[in-house]
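A.B. asks: This is the structure alone, sequence omitted:
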């Protein structure tokens, strides 16, 4: 009698908790949909189905040594092992394979300093369509070589955003191709959000995710997926001080653009777009700003301990979790299991050797 009663009481307590968790998740998904962001959990799940046969499901690495340094558990989502060497292939692949045949026939155009350019070139190659890539003259050599390797047609521009956009506009007029923006596009954001679907399946104990921020496509996708699945998970951005427009924007409540940037993290020099800003403003819990010397230290640790070569932009998440800005902030003392997106590994060897020597 008591045993049966005890079983009944336990079940009666657990059932409302499960119901409440399900209700909270459903309300979070509905709230995100109601705000009409450029992407949502549905578009992200659709992207996963669309690109699943083309992408790598990248591994999650751990290290007791790095856990000890950080004072918490770290889970490294290794997008440096993604096709094209960076997370960008997810978004590019989703965008390219979202086009109907008539749209795709004339090809795609983008402007990018590297990883998106290579990713779009590869995605276009897989679909059998041309890719016209506007690249600034100061782009890293290894990233330009990737574009050429994957069959992208390189068109040079000056380093300024105005020159990049003007050159892309001319190409659009000449070719009739479709413009696929590196980050300010719902299809791109949805593709990047598939990282969260994988990471939270691979390491469900995660309570915090730290993501590099530049134009905001990656963190927008990650935040939209993560907050829909579990709104209690913290989503933090990591940004270099020499290109901290996102942190300034978050503080000001509006998009701030910088007249110039100065950071070793070449992939983190873009400014937020209107689509990504809305997500960063509403769903990103905070932005951790780090110095270049901290990024270089994190690159060394990735290379020496994880045995992974990561570009500066990819190492910034580790730099953030090891920084005083994070470790000494009482707001983050309960971040016990932290997912870190190692966003890319396309680093010029000269930059890597120089960094390791500092």
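C.D. replies: That came in fine, so what should we check first? Note that this is a predicted model, so its numbers are computed, not measured.
A.B. asks: wait, isn't residue 234 in contact with residue 206?
C.D. replies: No: with contacts counted by Cβ atoms under 8 Å, residue 234 stays clear of residue 206, the gap being 9.6 Å. Heads up, the C-betas are built off the backbone N, CA and C, glycines and all.
A.B. asks: which one of those two has more residues nearby?
C.D. replies: residue 206 (25 against 19; other Cβ atoms under 10 Å).
A.B. asks: mind checking the SS state of that one?
C.D. replies: coil (DSSP: H, G, I helix; E, B strand; the rest coil).
A.B. asks: Quick check: nearest residue in space to it, chain neighbours excluded?
C.D. replies: residue 339 (4.4 Å; Cβ to Cβ, 6 or more residues apart in numbering).
A.B. asks: which secondary structure element contains the residue nearest the centre of the chain?
C.D. replies: Closest residue to the average C-alpha location of the chain: residue 218 at 2.7 Å, with Cα atoms, centre = their mean. Residue 218 is part of helix 217-229, with elements assigned from DSSP states H and E.
A.B. asks: ok now that helix, how far from the chain's centre?
C.D. replies: The gap between where helix 217-229 is centred and where its chain is centred comes out at 9 Å by Cα atoms, centre = their mean, to the nearest Å.
A.B. asks: which residues are in contact with the following helix or strand past it?
C.D. replies: Counting by DSSP H and E, the next helix or strand C-terminal to helix 217-229 is strand 234-240. Strand 234-240 is contacted from outside by 207-214, 219, 222-223, 226-227, 246-247, 263-265, 268, 280, 283-292, 295, 316-317, 319-320, 332, 335, using Cβ atoms under 8 Å, 6 or more residues apart in numbering.
A.B. asks: Could you list which of those belong to strands?
C.D. replies: 208, 209, 210, 211, 212, 286, 287, 288, 289, 290 (DSSP state E).
A.B. asks: Which of those residues lies at the shortest distance from residue 161?
C.D. replies: The shortest approach to residue 161 among the ones in strands among the contacts of strand 234-240 belongs to residue 212, at 19.1 Å (Cβ to Cβ).
A.B. asks: Could you list the low-pLDDT ranges of this structure?
C.D. replies: 1-34, 351-353, 355-358 (pLDDT under 70).
A.B. asks: now the strands for the stretch 101-250 of the chain?
C.D. replies: For the stretch 101-250 of the chain, the strands defined by DSSP state E, counting those that start in this stretch occupy 108-111, 131-136, 153-157, 178-179, 208-212, 234-240.
A.B. asks: Pull out the buried positions in the third one.
C.D. replies: For strand 153-157, the buried set under the neighbour-count rule, 16 or more other Cβ atoms under 10 Å, comprises 153, 157.
A.B. asks: what packs against that strand?
C.D. replies: strand 131-136, helix 141-149, helix 161-175 (3 or more Cβ pairs under 8 Å, 6 or more residues apart in numbering; DSSP states H and E).
A.B. asks: Run through the residues that contact residue 290.
C.D. replies: 238, 239, 240, 241, 316, 319, 320, 323, 325.
A.B. asks: Tell me the most packed of the residues you listed, by neighbour count.
C.D. replies: residue 316 (38 neighbours).
A.B. asks: Residue 129 versus the closest residue to it other than its chain neighbours, what's the distance?
C.D. replies: Spatial nearest neighbour of residue 316, excluding adjacent residues (Cβ to Cβ, 6+ apart): residue 238 at 4.4 Å. Computed as Cβ to Cβ, to the nearest Å, the residue 238 to residue 129 distance reads 35 Å.
A.B. asks: and if you look at residue 183?
C.D. replies: Counting by Cβ to Cβ, the gap from residue 183 to residue 129 is 21 Å.
A.B. asks: Next: residue 322.
C.D. replies: Taking Cβ to Cβ, one finds residue 322 at 43 Å from residue 129.
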